[in-house]
Structures are given as structure tokens and as C-alpha cells.
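1. Could you look at this predicted model? Sequence included:
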Amino acid sequence: MFPRNCWYVAAISGEVPNRGILARVVCETPVAIYRTANGAPAALLDRCPHRLYPLSKGEVTDKGLQCGYHGLTFTSDGRCVAIPSQPEIPATACVRSFPVREAHGFIWLWPGEAALAETTPLPAFPTGAGYRRGLDFSCVTDTGNWGVAGPERIHIDANYMLVVDNLLDLTHAPFVHKSTFSADSVLASERIITNAGDQVYDFIAMQAPLSPALQNAYQLGDDIHDNFLETHWAPPGVMILAHGATLKGGVREDGTCVLGVNIITPETSTSCHYFWVQSVWQNKGNGIARDTWGKLTRLAFAEDEATLRNQQANLSRFGVEDLDGDVELVLKADRAIVMARRIVARKVRAEPR
Ligand code: FES
Ligand SMILES: [Fe+2]
């Protein structure tokens, strides 16, 4: 279950080079994402209306996206402008097009009702001073202020909400991330969860010192006052996790911080695309922190991927489609998950089926 009237990240900008075509499934819809001759991104249903050949196997010409079978050519609004074997173009020679936007190093796609896309802004979180400036996703592309690892994409054989659950309950870290982000202190840490509008905010004040590996990566001395984790979530799968440390006598905004952009896009009901970036505020640590986070993230997300794949396989084995209806046990640690799932369910219910 996923809402369709939302902006979803469909690709990293670099996955679609000029005149390139990318085949991708977003919200169970196969799309051909491509760049027109002038570099603008576009997306068409990956299905030529003639003999249903995949348009992603065609090529981009000066006129548009040309089908690789009999050469019908379509513009980015889905109109057919050329049929090589006949002069007339029937009214039925068209293909569905999708609204797309390019921002923050990603190509965003709107799989729902196209008219609503125009008036809906891309997701963003409230910004503030210091590292909070990057919460509008400028932390991905503003390399003057940020040391950026990524963006990268992982394919996960699990429903996208299982990945959202995973990020909204970090008490899995000591068990799933024994070799990477393991921090028992997350279990006993003070946690404040709030929601404003459609967004959920989860703040964790860590009760133990920063791990020696990260202390070293940030090139911090021993005068650390605190370290913390905060998660910003917007429906359905858009998140920024901030991990930071403040020096004694300093304020949180001026501390060291890495913003972890985590954006999860449904592929099918049992698989998703996971896009991530780790951005170190002011590139503190001179690139060492950035590279350490990049490396740790690749290892840690492989641990999450295996866990989520196993979880999805077990859901499928027991015939469970939607954890919302079948879950037998809810813990205190699931509070943010419950909030987020309610918001997503409300959005799904509000859409015509
Ligand atoms: S199938 Fe596309 S032109 Fe024939
Ligand atoms: Fe994890």
C-alpha cells in the first residue's frame, strides 16, 4: 500500500546521462526515465502503444523518445510525433507521461494524478542555524558547505515501509549492526518523539560517549559534551537522520554533524529502492569523516538489507501483506513507526482507488 499522489525519488540524477534512458519500476509502474536532447528529465510509461515494446529499449533523438521496434517517436508529454511507416498519426498513438522534477541530485517522479503535482512542493524539513541549514536537502548538492558521500542506491527485496520502520526504530542497531553502528546506548537513551502536520521528529540523546571510530573520524578531541541522533520523517519514505556531537561549552547547531538522507521509494509491494547520502557539515574532519561515514554506511546498509530481506521473506511465508493489520506485539520503541504508518494509511485512504 502506498499513496500515489506524492513525489518519489525515481533515480539519482547521474543515473540518467544526457540522451540516456533508464528503465525503472516506481510504485508498481514501469517507467522509461530519459533526458531530452536539451538535458531535461522526462518519464513515460515503459510501453509503446503500438506493440507494447519497452520504450526504455529505444533511443533519444532530437524529436523525442523513439521506440526501438518500429520507430514511433514520442515527446515528453506522451504525444506521438512520428510514425515512419505512415504519414497520419492516429489520436490513440500516445503514451502516459509522468510529472518529473530534478532537485537535490535526484529525479523525482509523481506516479499519481498529474494535475496535483504542479501545486505540490517537493518534501523538505524545517531548516535552522548550523547543520539545520541542510534539512532542505541542500546538504546533498552544496559541496561548499558539506562533505558529501553518495548519492547511492540500494535495491531491497522488502516492502518500503519495512525500511521506514527500520529507520524509525534504531534499537535494532546493537543487534543488526554489531560490526558497524553498534551502540548499546541507543537502548537506554532518552527519546523524544513528536509530530507536526504530516511529519514525525524523533530525537535521541545518546547516554554514552561517541564511539572511538567516529570521534576519530570527526577529529574531535576529548571535550565532547554530548552526542545525539535525530530523525526527520516525511511521508511516505523521506527521511533525514542527523547524527551529531557538541563540544563542551558549545551549542548543538555549531557542533559536528552528519546528515544522512534516506529516501525509500516503493518498487513493488515486496521491493523498494533505497537512496542515501551522508553529508558532513562543513566537511569537518577534512574528508576523513565523510569517507568514514560513506564506508560505514555501505557496510551497515548491507546489514539492514539482509535483515529486511529475511523479514519480508517471512512475512510472505506467513501470507502477511501488511504489518499494520497483522502485528501481534507493539513496543514502546515502535511509537514513531505507529505514528508514521497512521499518516501513510490516512494518505492512502484519501486517494480514489
Ligand atoms: S512497438 Fe513501438 S513502434 Fe512498434
Ligand atoms: Fe540499520
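-> Structure's in. What do you need? Ligands and ions are numbered 1, 2, ... in the order given.

2. C-alpha from now on. contacts and neighbour counts both.
-> Fine.

3. any weak-confidence spans in the stretch 151-300 of the chain?
-> Residues of the stretch 151-300 of the chain that meet the criterion pLDDT under 70 lie in 181-185, 222.

4. What is the longest strand along the chain packed up against?
-> Across the chain, the strand with the greatest residue count (assigned by DSSP state E) is strand 256-268. In terms of contacts (3 or more C-alpha pairs under 8 Å, 6 or more residues apart in numbering; DSSP states H and E), strand 256-268 is packed against strand 8-12, strand 21-26, helix 160-168, strand 238-247, strand 271-281.

5. Mind putting those into TSV with mean neighbour count and distance to His225?
-> Below are these laid out as TSV (neighbours: other C-alpha atoms under 10 Å; distance: least, C-alpha to C-alpha, whole Å):
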stretch	mean neighbour count	distance to His225
strand 8-12	26	37
strand 21-26	21	44
helix 160-168	23	25
strand 238-247	23	5
strand 271-281	26	18
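
6. got these as TSV, with distance to Arg133 columns?
-> Compiled in TSV, these are given as follows (distance: least, C-alpha to C-alpha, whole Å):
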stretch	distance to Arg133
strand 8-12	21
strand 21-26	30
helix 160-168	22
strand 238-247	12
strand 271-281	9
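
7. Now name the helix or strand holding the closest residue to Thr171 other than its chain neighbours.
-> Once flanking residues are discounted, Thr171 sits nearest to Leu187: 5.6 Å by C-alpha to C-alpha, 6 or more residues apart in numbering. Using DSSP states H and E, Leu187 sits within helix 185-188.

8. How far does the host helix or strand of Phe175 sit from its chain's centre?
-> Assigned by DSSP H and E, Phe175 belongs to helix 173-176. Centroid separation for helix 173-176 versus its chain: 22 Å, with C-alpha atoms, centre = their mean, to the nearest Å.

9. if we can go back for a sec, my understanding was that the residue nearest to Thr171 contacts Asp169; is that so?
-> No. Contact criterion C-alpha atoms under 8 Å: Leu187 and Asp169 do not qualify, at 10.1 Å.

10. need the contact list for Glu59.
-> By C-alpha atoms under 8 Å, 6 or more residues apart in numbering, the contact set of Glu59 is Arg19, Gly20, Ile21, Leu65, Gln66, Cys67, Gly68.

11. ok, what's across the strand from the closest residue to the third one other than its chain neighbours?
-> Using C-alpha to C-alpha, 6+ apart and skipping residues adjacent in sequence, the residue nearest Ile21 is Tyr34, 4.2 Å away. Residues found in beta-bridge contact with Tyr34 (criterion: DSSP bridges) are Ile21, Ala42.

12. Validate this expectation: Asn5 resides in a helix.
-> No. With DSSP: H, G, I helix; E, B strand; the rest coil as the criterion, Asn5 is assigned coil and is not in a helix.

13. Near ligand 1, which residues of the stretch 151-300 of the chain are found?
-> Counting by C-alpha under 6 Å from any ligand atom, no residue of the stretch 151-300 of the chain lies close to ligand 1.

14. Now Glu15: closest residue in space, sequence neighbours ignored.
-> Distance criterion C-alpha to C-alpha, 6+ apart; nearest residue to Glu15, sequence neighbours excluded, is Leu22 at 7.3 Å.

15. Excluding chain neighbours, give the residue nearest to Thr61 in space.
-> Nearest residue to Thr61, sequence neighbours excluded (C-alpha to C-alpha, 6+ apart): Ala37, at 6.8 Å.

16. now the one you found: how far from Glu59?
-> Noted for Ala37: a distance of 11 Å to Glu59, by C-alpha to C-alpha, to the nearest Å.

17. Who are the contact partners of His70?
-> With contacts taken as C-alpha under 8 Å, 6+ apart, His70 has the following neighbours: Pro84.

18. so where does it fall, helix or strand?
-> According to DSSP H and E, His70 maps onto no helix or strand at all.

19. mind checking how far it is from ligand 1?
-> In this view, His70 and ligand 1 are 4 Å apart by C-alpha to the nearest ligand atom, to the nearest Å.

20. Check that residue and give its pLDDT.
-> Confidence at His70, expressed as pLDDT, is 98.

21. Next, the contact list for Thr268, please.
-> Neighbour list for Thr268: Val25, Val26, Cys27, Glu28, Asn159 [criterion: C-alpha under 8 Å, 6+ apart].

22. so the second one touches Thr265, yeah?
-> Yes. At 7.0 Å, Val26 and Thr265 qualify as touching, with contact defined as C-alpha under 8 Å.

23. who touches both of the two?
-> Residues touching both Val26 and Thr265 (C-alpha under 8 Å, 6+ apart): Ala10.

24. In the longest strand of the chain, which of the residues would be classed as buried?
-> Along strand 256-268, these residues count as buried under the neighbour rule (16 or more other C-alpha atoms under 10 Å): 256-268.

25. now do stretch 335-350
-> Using 16+ other C-alpha under 10 Å as the test for burial, stretch 335-350 gives Ala336, Ile337, Val338, Met339, Ala340, Arg341, Ile343, Val344, Lys347, Val348.
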